[in-house]
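A.B. asks: task: produce atomic coordinates for the following.
(one chain, ligands or ions: 1)
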Amino acid sequence: MRALKGLEDAISMDVLGPARGEEGWAFTPKMDDYTPDTVNGADYLHEIYAKADPEYDGRASVPVLRDAERETTVNNGSREILRMLDTPFDKYATREIDLFPEGYRAEIDRVIDEIYEPVNIGVARVGFAETQAAYDEAVADLFDALDYWEGVLAEQRYLAGDELSEADLCMFLTLVRFDVAYNVHFRCSIRRIVDYPNLWNYLKELYGLSGVAETVNVDHIKHLYHQPVPTGIVASGPDIDFTESHDRDRLTGTPPAGASE
Ligand SMILES: N[C@@H](CCC(=O)N[C@@H](CS)C(=O)NCC(=O)O)C(=O)O
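C.D. replies: Numbering: from 1, shown residues only. Sure thing, here's the model as predicted:
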């Protein structure tokens, strides 16, 4: 959202390292393309939560949106942050893109709700299943949902209709990690996204939108998801080329002008 709207100058971004030790997420600026905490100079994410609320003893999760001037956290919910960047931050956007367009709003929220459990959370339900029965149920639910959206995307360019929306970004985040992480490490292995003609072409179209490719770091994805393996070995494959051409122009609808230059 930050890249699509051209909000990079309004909102800086720090990137935590992949490993979570005893103190949770850490800033590891000496490792490849991870950054220091440029706002508070913290070593650990939990320090940032404590700064906003010294009594806080819950999980310190990412993403977290911070207010650098007031030195506090604003929100740590990905869905709400996505909406904030799209609407209240719109006045700072340098690209004219509305991913919550009038006329589609109810449908966008319905789709975001519909994909959240089986797809966005579904991959983790599969990956963290502790019994065969729990795994079997979770993996079936995940692939039922992917099969369903494969059918929708055969007829429709985007998840909520002819217009690119926040729902597509929610789906993108799971799809772009799927083959390189969830399929390998979380045993989401019935099919890969490249095996679904429509989901794969849809994923390539989203990846190709202006600014999006720069937000995807496959090494970061792999190091995050593969690192619980006791040896610390990161799998080298699969070799996925998100930059191959896609076939989505066969359907009605085009991405917003600012996103497809
Ligand atoms: N409600 C949050 C959940 C975020 C979340 O679970 N993030 C994971 C990484 S994708 C995390 O930070 N986990 C660390 C932990 O649970 O300790 C959201 O959807 O934004």
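A.B. asks: where do the helices sit along the stretch 101-250 of the chain?
C.D. replies: 105-115, 122-127, 132-155, 166-177, 183-185, 197-208, 218-226 (DSSP state H, counting those that start in this stretch).
A.B. asks: mean pLDDT and distance to the ligand for these - can I get that in CSV?
C.D. replies: Heads up, the C-betas are built off the backbone N, CA and C, glycines and all. Output for these, formatted as CSV (pLDDT from 0 to 100; distance: least, C-beta to the nearest ligand atom, whole Å):
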stretch, mean pLDDT, distance to the ligand
helix 105-115, 98, 11
helix 122-127, 97, 8
helix 132-155, 98, 16
helix 166-177, 98, 9
helix 183-185, 92, 14
helix 197-208, 98, 19
helix 218-226, 88, 8
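A.B. asks: and the ones you listed, which is most packed in?
C.D. replies: Using mean count of other C-beta atoms under 10 Å, the stretch among these with the largest mean neighbour count is helix 166-177, at a mean of 22.
A.B. asks: now that one, how far from the chain's geometric center?
C.D. replies: 5 Å (C-alpha atoms, centre = their mean, to the nearest Å).
A.B. asks: and if you look at stretch 213-233?
C.D. replies: Counting by C-alpha atoms, centre = their mean, stretch 213-233 comes out at 14 Å from the chain centroid.
A.B. asks: any residues of this structure in contact with the ligand? List them.
C.D. replies: For the chain, the residues in contact with the ligand (C-beta under 6 Å from any ligand atom) are 24, 59, 61-63, 77-78.
A.B. asks: swap the cut-off to 5 Å and go again
C.D. replies: Residues of the chain found near the ligand (C-beta under 5 Å from any ligand atom) are 59, 61-62, 77-78.
A.B. asks: now, these that are in helices?
C.D. replies: S78 (DSSP state H).
A.B. asks: so which of the residues of the chain next to the ligand is surrounded by the most neighbours?
C.D. replies: S78 (18 neighbours; other C-beta atoms under 10 Å).
A.B. asks: quick one, what contacts the closest residue to it other than its chain neighbours?
C.D. replies: Nearest non-adjacent residue to S78, counting by C-beta to C-beta, 6 or more residues apart in numbering: P63, 5.5 Å away. Applying C-beta atoms under 8 Å, 6 or more residues apart in numbering to P63 gives the contacts 76, 78, 81.
A.B. asks: that older thread, can you lay out the residues of the chain next to the ligand as CSV showing distance to E150?
C.D. replies: Formatted as CSV, the residues of the chain next to the ligand follow (distance: C-beta to C-beta, whole Å):
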residue, distance to E150
R59, 33
S61, 30
V62, 29
G77, 28
S78, 24
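A.B. asks: look over the residues of the chain next to the ligand and name the one with the lowest pLDDT score.
C.D. replies: Within the residues of the chain next to the ligand, R59 has the lowest pLDDT, namely 91.
A.B. asks: show me the strands in the stretch 1-150 of the chain, by range?
C.D. replies: 20-21, 24-25, 65-67, 72-75 (DSSP state E, counting those that start in this stretch).
A.B. asks: relative to R95, which of those strands is closest?
C.D. replies: Checking these against R95 by C-beta to C-beta gives strand 65-67 as the closest, at 19.5 Å.
A.B. asks: so how far is the ligand from D32?
C.D. replies: Counting by C-beta to the nearest ligand atom, to the nearest Å, the separation of D32 from the ligand is 19 Å.
A.B. asks: next one: phi and psi at that residue?
C.D. replies: phi -50, psi 120 (degrees, to the nearest 10).
A.B. asks: if anything else comes up later, I'll come back, but that's it for now.
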